[in-house]
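K.L.:
Fold the following, please.
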Amino acid sequence: MSTTTLAVLVPLLPFLGAAAGLLLGRTAPGFVRPLAVLPTLTAFALAVLVAVRQGGDTPVDAATQLTPTGSVPIELALHIDGFAALVAVLVGLVATCVQIYSTGYLRDDPRYASYAALVSLFTSAMLLVVYSGDLMVLLVGWEIMGICSYFLVGHYWETPEARAASLKAFLVTKLGDVPFLIGLFALATDAGSFRITRILGMVAEGGLDHPTLIALLLLAGVAGKSAQFPLHTWLPDAMAGPTPVSALIHAATMVAAGVYFVARLLPVFAASSAALVVLAVMAAVTMAGSALAALAQDDIKRVLAYSTIGQLGYMTGALAVGDRGAAVFHLLSHGAFKALLFLAAGVIIHAAGTNSLAAMSRMSHLRARVPDAFWTMTVALLALAAIPPFSGFFSKESVLGAAEHATTGHAAPIPGAAGWTVLVAGVLTALLTAAYATRLWLLAFHGKGAEAPDHGRQPRTMTVVLWVLAVPSLALGGLAYGKLPDWFDGDNLAPTLTTSVLGTGAALIGALVTYAAWRSVRAESAHVPLGAVAAHPEADAATVEAEAIASHTPAYGDVASAPDPADPGRLLLGPLHRHAAAGFHLDAVYTALFVRPVQAGASLVRFLDREVVDTYVHGAGALPRLLGAAVRRAQTGNVQTYVSALLAGTVVLVVAALVVATGA
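P.N.:
Residues are numbered from 1 along each chain as shown. Sure, this is the predicted structure:
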């Protein structure tokens, strides 16, 4: 079987699995789990085979024209280079792990069939984005992911939080997609094609007429999809969805699509120095701001959500300094350890008896109760904090090394300002990342919140997946010295001495200061009594999650009265803590600037419709009705009245005729 045929099957199999799952979910429930896991697992295996055959060599290209458009043609095209091959492997791996994990996590969920089908469709759409060689076909996958995220984030649609989060995610990403679509058409008009290879060839020849405008329009869509400032606010709220969905969105689909798109078309953005500076500033603000916000969150999933935003900032920062190899390398390593973090958080949520909005200050003695989650999450947090030799160290250092190289001014056409912006923000974010990762580890596994009842061992499908993802989280970084550069344009991805010392030193300082702060506040709060705890009935993870979201409280006893006060985040942030915990009030700002004016405009339109337009409509109906009533009064049914009126009318007409004749 040819490589092209295998590549076509990779996104097609999850799509067919999704269709079959939706059709057979009610009539043949026994097939739901096999239809969820097997197509995705097969697609993953085929993606690995495609990557092996491609081998980082000449890209695989194939195309067939769709229905003629009469202008710029649209083609069903594949373009698989080293970047696409490896990203598809990541998508397949994470999606397979999520589907296997979900068979245990949502084992008693009545809507599991539709959930699993949507996850498969989500996976298929992302694989279509990765392999597509035509921007219009890529846009199809891009938009399908948007609607899948809407349904999956709103899986617990009975709760107002899930409904609001799904709607917010959809609207915010669509806000970016409007200029993104305009940018795609402008790019195709300048290049005369939607084919990625032809566009890149045109850029190499300097054929773009409006590179800055096109790049900025496209960046709006990237900011929305990849949750970059200022369109990042939807991602923390999306934690209202099931935890496996969070792992899928944060690690391999949706948010990774924007970064991958810029990497795919980096020469288009590099044609505009202004666009690169904007991208660098966007990345810097995103990195530092999200890390500060993560340090102030109490919900474990919101910490990880802000962490994702910050790590995506590293990726966009690498793209801003013109190194797509470093960006995609960090995308790969981040995908592994972030999926592990979320799935381990799901195990913790179940064991702690809390909800999907799991307060770390109310967790206690989890290390002994969930050893699989403890050890694997420790690995993932070390990778997140970029501690050597874990994978995050190598990929993050490749980003900082690229930024350092750009500061010298020798990385033309990359502006030196972009390099300095990314480098300074990257080192600061390394310190903050280690701080909130250490805080999460201490509060989740060494906290003194109220004790929750033990819900028993988690399903094996949930724990085995954690160890599978721990392998790349630990070992992926070694590829930076091996074959990986051959897949990424041959660029050197090995850490440099200067940035390694700066980044690792900052990370160690952040971790040690956080630990010291935790010891200090824990000693001060040792006298604080903990509240009594009631028993929680046995429940599966998804049930605990949904019920607790609906009640706005932890899912067991009166533990809300007994949080662990030993939170180092408050001490470290001081007066900034309140603002960071609220995401620096960006939602309030957007509400004041956009939501309220729109609501006021809607109220005005409603007033005009009811009081003005409806008045004219009602008046138009009232006038004939009044005339009809007047005429109806004259219709008495009395013949004598009619004859009298006839005679009177005749007399009036005769008199009038005589007057006219006399006057003449």
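
K.L.:
remind me which residues of the stretch 401-550 of the chain are low pLDDT?
P.N.:
Residues of the stretch 401-550 of the chain that meet the criterion pLDDT under 70 lie in 449-456, 480-482, 526-550.

K.L.:
Please enumerate the helices of it.
P.N.:
416-446, 460-475, 484-487, 497-524, 541-551 (DSSP state H, counting those that start in this stretch).

K.L.:
The host helix or strand of residue 250 packs against which elements?
P.N.:
Element membership for residue 250 (DSSP states H and E) is helix 243-251. Judged by 3 or more CB pairs under 8 Å, 6 or more residues apart in numbering; DSSP states H and E, helix 243-251 is in contact with helix 82-105, helix 112-131, helix 135-153, helix 300-320, helix 324-352. Where you see a C-beta, it was placed from the backbone N, CA and C, and this is true even at glycine.

K.L.:
For that helix, list the C-alpha coordinates in CSV.
P.N.:
In CSV, the C-alpha atoms belonging to helix 243-251 read as follows (Å, rounded to 0.1, in the frame of the first residue of the first chain):
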residue,chain,number,x,y,z
THR,A,243,-11.2,15.8,32.1
PRO,A,244,-10.2,13.5,29.1
VAL,A,245,-11.6,16.2,26.8
SER,A,246,-9.3,18.7,28.4
ALA,A,247,-6.4,16.4,27.8
LEU,A,248,-7.3,16.1,24.1
ILE,A,249,-7.8,19.8,23.6
HIS,A,250,-4.7,20.9,25.4
ALA,A,251,-2.3,18.3,24.3
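
K.L.:
if we look at the helix or strand that comes right after it, which residues are touching it?
P.N.:
Tracing the chain past helix 243-251, the next element assigned as helix or strand by DSSP H and E is helix 255-264. For helix 255-264, the external contacting residues (CB atoms under 8 Å, 6 or more residues apart in numbering) are 83-84, 87, 91, 126, 129-130, 138, 141-142, 145, 196, 218-219, 221-228, 235, 249, 269, 279, 308, 312, 315-316, 319, 324, 327-328, 331, 335.

K.L.:
Most tightly packed of the helices of the stretch 401-550 of the chain?
P.N.:
Neighbour counts (mean count of other CB atoms under 10 Å) averaged over each of these peak at helix 416-446, with a mean of 24.

K.L.:
What angle do helix 497-524 and that helix make with each other?
P.N.:
Orientation of helix 416-446 against helix 497-524 (axes from the mean of the first three to the mean of the last three CA atoms, to 10 degrees) gives an angle of 40 degrees.

K.L.:
how far off helix 324-352 does helix 416-446 point, in degrees?
P.N.:
Computed by the same axes, to 10 degrees, the angle separating helix 416-446 from helix 324-352 equals 20 degrees.

K.L.:
Go through the helices and strands packed on helix 243-251 and name the closest to residue 406.
P.N.:
helix 300-320 (8.4 Å; CB to CB).

K.L.:
Name the residues of stretch 129-141 that are buried.
P.N.:
129, 130, 131, 132, 133, 134, 135, 136, 137, 138, 139, 141 (16 or more other CB atoms under 10 Å).
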